[in-house]
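Novice: Need a 3D model of the sequence below.
(one chain, ligands or ions: 1)
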Amino acid sequence: MTVRIGVIGTGAIGKEHMYRVKNRLSKAEITAVTDVNHDAAEKALEELEMKAKIFPDEQSLIEAEEVDAVFITSWGEAHEEAVLKAVAAGKYVFCEKPLAVTAQGCRTIMQKEMKYGKRLIQVGFMRQFDHGYEQLKQALDTKQIGEPLLVKAAHRAPEVDDSYTTDMAITDTLIHEINILHWLLADNYVSAQIFYPKKNKHALPHLRDPQVIQLETESGVLIQAEVSVNIQYGYDIQCEIVGEEGILSLPEPETTVMRYKGKQSMNLLSDWKTRFQDAYDKEIQAFINQVDNHEPAQGPSAWEGYVAAVTSDACLKAQESGQREPIELDSMPDFYRDEAKAAKA
Ligand SMILES: NC(=O)c1ccc[n+]([C@@H]2O[C@H](COP(=O)([O-])OP(=O)(O)OC[C@H]3O[C@@H](n4cnc5c(N)ncnc54)[C@H](O)[C@@H]3O)[C@@H](O)[C@H]2O)c1
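Specialist: Numbering: from 1, shown residues only. Have a look, this model is predicted:
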């Protein structure tokens, strides 16, 4: 079957996903779109040379007969309501991060999904589909370096515009490290603390940049994650895990090494779209395949969306207080535990 997808929010990432469904992936087509800015929906279809029905609002799109599954790629604040509507209609839903902007919003979504009785939701934490991170996960799960003790991570971007604020270093940027390190270590966070080193002269006056976020896990792993968003030289994601008997490092993206005029050089990437292109392709194809096979969704779950929301809230509190802030999670519902086991099997 061809999975018929409706897209809510045809902005930057919405268009990216529409493009990949049309040009890079299989077994799906975009049949419906909606955007609070009607012109944006029209323009997106025009730009991508696609034909799809434009719906006046998300409710009518979700309920439409020609929509099997929904992409939610609107602004973060709008995600919760759209996810709840999609689950109420029994439609599979791929929701870009954040699942909801509050932990309570994530709890409400989990309750709705559990009541429905089958996982329908996949959250857009694409790094779990990145080949490098998959290799780290495999090595950690098979204890190749013994138990992990320390993690050094970095999320660096060349520059940001003036709409980027200090809290967005957590909610938009670190959120990916929060999710991927939780997934890699399979260990809950217990505290967060933020440090502000000397400010980068390229950072705008309102922005504290860089930031170093220190997270501790239940088993005692210490994580130091640097977020630098005015680093000029490129888009660079680093992750090093120090274990009892060895060290694991995230592989660098493939690139040509050039030797020329007495120098050896290699290109660095400049944006997230290129860095994680394959991971985005894989996450969306996995979602399409699950819908096609009527299987429970298996990618990053609503529970992971909840963990990210609680951790992100503690980091925001730590930004303000300068103190070590506790992170307390509800206990994981069996529904997600069982689903996690089924996904691994
Ligand atoms: N996984 C990733 O790496 C990644 C990358 C970029 C963005 N994102 C996330 O994707 C989401 C969208 O980001 P973006 O950069 O595409 O933003 P954007 O502003 O470019 O696009 C959002 C679009 O959604 C529309 N919209 C907003 N509320 C709506 C609603 N209630 N109904 C219908 N349309 C609505 C807006 O008009 C806009 O066209 C954000 O939550 C962001 O955090 C994730």
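Novice: and stretch 202-212, how far out from the chain's middle?
Specialist: Offset of stretch 202-212 from its chain centre (CA atoms, centre = their mean, to the nearest Å): 23 Å.
Novice: what's next to that stretch, contact-wise?
Specialist: Residues from elsewhere that reach stretch 202-212 (CB atoms under 8 Å, 6 or more residues apart in numbering): 159-160, 162, 164-166, 169, 194-197, 199-200, 224-232, 319. Where C-beta positions appear, they are placed from N, C-alpha and C, glycine not excepted.
Novice: One more: stretch 38-52?
Specialist: Against stretch 38-52 from outside (CB under 8 Å, 6+ apart): 7, 10-11, 14-15, 18-19, 22, 30-35, 54, 56.
Novice: Please convert the buried members of those residues into PyMOL selection syntax.
Specialist: PyMOL command restricting the contacts of stretch 38-52 to the buried ones, with burial defined by 16 or more other CB atoms under 10 Å:
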select buried, resi 7+10+14+15+18+19+30+31+32+33+34+35
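Novice: if we take the contacts of stretch 38-52, which one ends up nearest to the ligand?
Specialist: Closest approach between those and the ligand, by CB to the nearest ligand atom: Gly11, at 1.7 Å.
Novice: I'd say that closest one and Met18 touch.
Specialist: No - between Gly11 and Met18 there is no contact under CB atoms under 8 Å: 10.7 Å.
Novice: Tell me the residue of the stretch 101-250 of the chain that sits nearest the ligand?
Specialist: Closest approach between the stretch 101-250 of the chain and the ligand, counting by CB to the nearest ligand atom: Gly124, at 4.4 Å.
Novice: quick revisit: go back to the contacts of stretch 202-212 and keep what's next to the ligand.
Specialist: Near the ligand, taking CB under 6 Å from any ligand atom as the test, no member of the contacts of stretch 202-212 is found.
Novice: buried subset of these?
Specialist: 160, 164, 166, 169, 194, 225-231, 319.
Novice: Of these, which pair is most distant in space?
Specialist: Across the buried ones among the contacts of stretch 202-212, the longest distance by CB to CB is 19.6 Å; it joins Ile231 and Gln319.
Novice: Val307 in helix, strand or coil?
Specialist: helix (DSSP: H, G, I helix; E, B strand; the rest coil).
Novice: ok, back up a step: out of the contacts of stretch 38-52, who's near the ligand?
Specialist: Applying CB under 6 Å from any ligand atom to these, those adjacent to the ligand are Thr10, Gly11, Gly14, Thr34, Asp35.
Novice: What are the boundaries of the strands in the stretch 101-250 of the chain?
Specialist: In the stretch 101-250 of the chain, strands defined by DSSP state E, counting those that start in this stretch lie at 121-123, 148-156, 189-195, 211-217, 222-228, 236-243, 247-249, listed in chain order.
Novice: Report the distance from the first one to the chain centre.
Specialist: Think strand 121-123. Distance, centroid of strand 121-123 to centroid of chain: 10 Å (CA atoms, centre = their mean).
Novice: what do you get for the third one?
Specialist: Once both centres are worked out by CA atoms, centre = their mean, strand 189-195 turns out to sit 20 Å from its chain's centre.
Novice: between it and strand 211-217, how many degrees?
Specialist: Per axes from the mean of the first three to the mean of the last three CA atoms, to 10 degrees, the angle that strand 189-195 makes with strand 211-217 is 160 degrees.
Novice: Please identify the buried residues of strand 189-195?
Specialist: For strand 189-195, by 16+ other CB under 10 Å, it's Tyr189, Val190, Ser191, Ala192, Gln193, Ile194.
Novice: Contacts made by that strand with the rest, please.
Specialist: Under CB under 8 Å, 6+ apart, the answer for strand 189-195 is 178, 182, 211-218, 307, 311, 314-315, 317-319, 322-327.
Novice: again, only using 7 Å
Specialist: The contact list for strand 189-195 (CB atoms under 7 Å, 6 or more residues apart in numbering) reads 182, 211-218, 311, 314-315, 318-319, 323-327.
Novice: For the stretch 201-345 of the chain, give the residue positioned nearest to the ligand.
Specialist: Of all residues in the stretch 201-345 of the chain, Trp272 sits closest to the ligand, at 5.8 Å by CB to the nearest ligand atom.
Novice: which of the buried residues of strand 189-195 sit farthest apart?
Specialist: Among these, Val190 and Ile194 lie farthest apart (CB to CB), at 15.6 Å.
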